[in-house]
Every structure is written in C-alpha cells, then in structure tokens.
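Visitor: Task: produce atomic coordinates for the following.
(chains A and B)
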Amino acid sequence: MTDKITDWTKGAEAIVYQSCGHCENVQYFHRSFCAACGAPDPVEKRASGAATVYATSLVCRAATPETRTHVPYNIVLVDAAEGFRMMAHGTDDLAIGDKVTASYRPFAGRLVPYFEKTK
Amino acid sequence: MSFITGVGLTSYGKHEGSSSLDLMSKAAELAIADAGLRRSEIDGILCGYSTVSPHIMLATVFAEHFGIQPSYAHAVQVGGATGLAMTMLAHHLVDAGVAKHVLVVGGENRLTGQSRDASIQALAQVGHPDYEVTLGPTIPAYYGLVASRYMHEYGVTQEDLAEFAVLMRAHASTHPGAQFHEPITVADVMASKPVAMPLKLLDCCPVSDGGAAFVVSREPTSAIRVRVRGCAQAHTHQHVTAAPRLSELGAEIAIAKAKAASGVAISDVRYAAVYDSFTITLAMLLEDLGLAGRGEAAARVRAGHFGRDGAMPLNTHGGLLSYGHCGVGGAMAHLVETHLQMTERAGPRQVRDASIALLHGDGGVLSSHVSMFLERVR
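Guide: A predicted model of the protein is given here:
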C-alpha cells in the first residue's frame, strides 16, 4: 500500500492525483487500481497547482440555499501540469488557455480549489 | 426484424394531480391502441425511471398498476438516452423471439411533483460525488463547460446557439401538445436570464410533466410499417471531467456503428430527431452525426435546412427545448413525432418525405449515446 495524502475533498489544502507505477498513466479520480492498465496501488502524488484552463461556465442559477449565496461562481475544468484534468472554481474572468495557479477558498461549507491567473 | 407498431404521447407542461404512473399509463394506453393491440397482448415491458417517485422495480410497479402480467420486464437507466436505449433493447428482444410486443414507456410529473430546485439538484447528481458535485455545478454548468470549449474550438457564437432555441420554438408553435407556443427571437434568447454561461434560460430545456410510449413488435400489426433498420450505442465516460476530447465523443462512434449495422448513409436520411437538452447539445450532435459540417449547424438553421419544409426537417414537435422535457419521456417524444411523420399522420406539421429517419439520444454529459435508423416499409 502506498501512503494516502489528504486532499481538498477531505478538507486539506491539496490537490492529489494518482500515478501508475506500471504504465505511468495518471488519474484524478482516486481508485485502488490504475483505470488504464488495472495494476494495483497507484502512487499518490501532490499536484503543483499549476494548470491551463480547458473550459469555463459561470454559474448564475444555483440549486441549493448553500450554493446560492455564492452566485455567480465560475466552474472551470483545468488541465494540470502533471497531465490530469480536474473541475474547480476560478476567477470570473478566466478564459480558455489561461495559465492558472491553485489556491483554496471556502464554498458551501467546504474548502474548494480556486484557480487564478498565474502572475 | 422489429417494427414500431404504435406510439402514444401526452401533452407536456403541467399535469397537476397526475403521478408518474398516471402519465406512463396514459401514454401506454395511447400506444397500445395505436398498435391495434389489446393490453393482454403486451408480453414485454421496458420502462425508464422517475426522479419524483424512485423505485427499485419500476417496471413491475407499472405493470401491476396498468394491469398486465408480462413475461419480460425491467427498468433501464441511461439518462436522456434511456428512450432510445429501451427501443434498441426492445428491437433485439423481439428479434430474438423473447417477446412479441414490447411496451416501451416513460413518464414523470417532474414539474408539478417536485420543486424546480429539487429537479435541478437531482440531475446535478450525474456529476462525481467527491470531485464535482461538491463544487456546486448544475446540469446547465456541465453543458456550459462543454459549450465554452466547443465555441472556442469551432468558432461558434452564443447567437449561433440561440438559433436552435428559436427553431425549436417555431416548431413547437404548431403542436398543440407543446409546453411553449409563443414565438421567440435570437434577441430574446440573448436577453434571457443567465443560467450557466454561455447558456441562458432559453438555451435550456424546461422541466415538464408528461408521458410517452411505443410498442415494438416482431411483426407489423397494421398497414403502418416503421421498421428499425439498425442502431448502436457508445459510452465513453460518465463525468465531464473524464470526457475525451471533443473530436472523440460518443456520438461519432455510435453513428458510425449504426451506419454499419443498418447500411444506411447520412445522405439517405430524410428526417432527423436529435437530442436537444440544451442548444449546445443540439448544435454539437448535429455536427457529430454529420448532419452539418463543424461549426456550420447554425448557418444551416438560418438557411431553413432543418425547418419543416427544409431538406432535413428536425424535431418538428419542438424538441426538449420547446415541446418539453419530462425526463425519460422527454426524448421519447422525438420518436413519437418521427413515427407520425414517417406514417404521414403529422397533420399540419407533416413534412414532404420522412421515409428514412435518424434518431439520436444522449445521456449524462454527452456520456451515453444511442443512434438509430428507422425506415418506412411499404
């Protein structure tokens, strides 16, 4: 077994991905095996937080009272420097192709990754 | 071989006081009557799901409620692709001799049975529970992400997308069962409230009550003969985070396999019924299916290509965007309308020639795809 690193989904300021020791595939949704080759125990690694914006959607109509207080908020898909794609929040003015860096912000009672343009 | 022998469709919109089972029953009764069959002749049932009244055995709940005892029954869940996935399964079931007449039914009181927030919240759960749903996305946001990327890669504009909403509304205005009849313009769509940019309120389908059903039979039951020529599926991912690049999405895979299974080419197609949960969905799918070149679907709408009198009439009932979307039944209305067109029963909406039709459904966030060709047999 490899060591587990706590990530933002568990309240820590970290983005964690998995890297397969067998086929070198990287994956963001955590599993006990590599989804590309099936090898067990992919290695957990902490991502640098450097990424490029792939897609954006500014949410102006939310569906719950907790999320409605944050409207509008920008949902983004970013391609991390380490080779995986993830969903996160970002500044409202982000454009596709922007180089961005992760920080963390409270959202609806949790901590979520928040991307801003790299300075 | 298999034939769509009967179709049934309720109006979409508000059906105050009707349960999901009521709406399914109403549509089923219409479809069985249309096929010229008795209830007792239905020996297979496939049904979808109801977000208002979830049940682990909806098909038998429905069968008991409706009063039939089929030899084959279960529910199917593939999101928006469920209707066509059930039709594909029914086709194979009757072809294999498992059943003679399979009733395919979907219906839900999604509008009056729960709050709009509850509907939006229920649908957002197609996202990943840990890595997506926690971020507060909605279904329009998942599709808004796809829209932003598609617009970026192919030079599509918000005004282009608005054309599809205008077209679907124009078609709905001629169908008495549609949820919306008032004409809209591109300017109306552009000025409608932002939901999940670039998608605005009129880029999004409504939440509706309604029901739809059809009967799929091994042999024709009347002179009306609409045959399933061939169909295929593709499932590339569930979550938008895990979606492949735009050029590798499932619609292109499914249509290629359906063409191979049926021997039908896009140039043979005379009528199109394409999933349209959002304007971007319709624009992308038309281009993925080869019904328009990349980035060119909107120009074809403007030129009248997809209108009732155009070269490729599309969703002449008004689609999900304006006929309405009651969940599983939503896209089943596309097949009902296709059947009416193919059998020259569409009244004032009748197109010149619908002898060969292409239907396409999408579930999740472009996750699950079903392509199907239907043919009128004389």
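
Visitor: For the residue nearest the centre of chain A, list the residues it contacts.
Guide: By C-alpha atoms, centre = their mean, chain A has its centre lying nearest to residue A:86, at 4.1 Å. Shown in contact with residue A:86 (C-beta atoms under 8 Å, 6 or more residues apart in numbering or on different chains): A:15, A:28, A:51, A:77-78, A:80, A:113, B:131, B:241. C-betas here are computed from N, CA, C, even on glycine.

Visitor: If we use 7 Å, what do you get?
Guide: A:15, A:28, A:78, A:80, B:131, B:241 (C-beta atoms under 7 Å, 6 or more residues apart in numbering or on different chains).

Visitor: doesn't residue A:17 make contact with the second one?
Guide: It stands for residue A:28. Yes: using C-beta atoms under 7 Å, residue A:28 makes contact with residue A:17 at a distance of 5.2 Å.

Visitor: Would you mind giving the contacts of residue A:86 as JSON lines with distance to residue B:82 added?
Guide: Putting those into JSON lines (distance: C-beta to C-beta, whole Å) gives the following:
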{"residue": "A:15", "distance to residue B:82": "35"}
{"residue": "A:28", "distance to residue B:82": "28"}
{"residue": "A:78", "distance to residue B:82": "32"}
{"residue": "A:80", "distance to residue B:82": "34"}
{"residue": "B:131", "distance to residue B:82": "25"}
{"residue": "B:241", "distance to residue B:82": "23"}
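
Visitor: Return the member of these nearest to residue B:183.
Guide: residue B:241 (38.2 Å; C-beta to C-beta).

Visitor: How is that closest one assigned, secondary-structure-wise?
Guide: helix (DSSP: H, G, I helix; E, B strand; the rest coil).

Visitor: isn't it right next to residue B:133, touching?
Guide: No: using C-beta under 7 Å, residue B:241 is not in contact with residue B:133, being 11.3 Å away.

Visitor: Compare those two (neighbour count), which wins?
Guide: Legend: neighbour count by other C-beta atoms under 10 Å in any protein chain shown for residue B:241 and residue B:133, higher for residue B:241 (22 against 16).

Visitor: ok, the more buried one to residue B:142 distance?
Guide: Distance of residue B:241 to residue B:142, given as C-beta to C-beta, to the nearest Å: 10 Å.

Visitor: ok, now residue B:11?
Guide: 29 Å.

Visitor: now swap in residue A:79 and tell me
Guide: Counting by C-beta to C-beta, the gap from residue A:79 to residue B:142 is 17 Å.

Visitor: The two: which is more packed in?
Guide: residue B:142 (29 against 15).

Visitor: Tell me which residues touch the more buried one, please.
Guide: B:127, B:240, B:365.

Visitor: redo that, cut-off 10 Å
Guide: A:57, A:75, A:77, A:87, B:123-124, B:126-127, B:132, B:196, B:239-241, B:243, B:278, B:364-367 (C-beta atoms under 10 Å, 6 or more residues apart in numbering or on different chains).

Visitor: does it count as helix, strand or coil?
Guide: Strictly by three-state DSSP, residue B:142 counts as helix.

Visitor: secondary structure element for residue A:53?
Guide: For residue A:53, the host element (DSSP states H and E) is strand A:50-59.

Visitor: For that strand, give the mean pLDDT please.
Guide: Averaged across strand A:50-59, pLDDT comes to 98.

Visitor: pull the helix or strand with minimum mean pLDDT from the chain.
Guide: Since no chain was named, I'll use chain A. In chain A, no helix or strand scores lower on mean pLDDT, DSSP states H and E than helix A:65-68, which sits at a mean of 92.

Visitor: I was after chain B.
Guide: The helix or strand of chain B with the poorest confidence is helix B:116-124; it has a mean of 81 (mean pLDDT, DSSP H and E).

Visitor: Mind giving me the packing neighbours of that one?
Guide: When contacts are defined as 3 or more C-beta pairs under 10 Å, 6 or more residues apart in numbering or on different chains; DSSP states H and E, helix B:116-124 sits against helix A:65-68, helix B:139-154.

Visitor: Which positions within that helix qualify as buried?
Guide: Within helix B:116-124, the residues that qualify as buried are B:118-124, counting by 16 or more other C-beta atoms under 10 Å in any protein chain shown.
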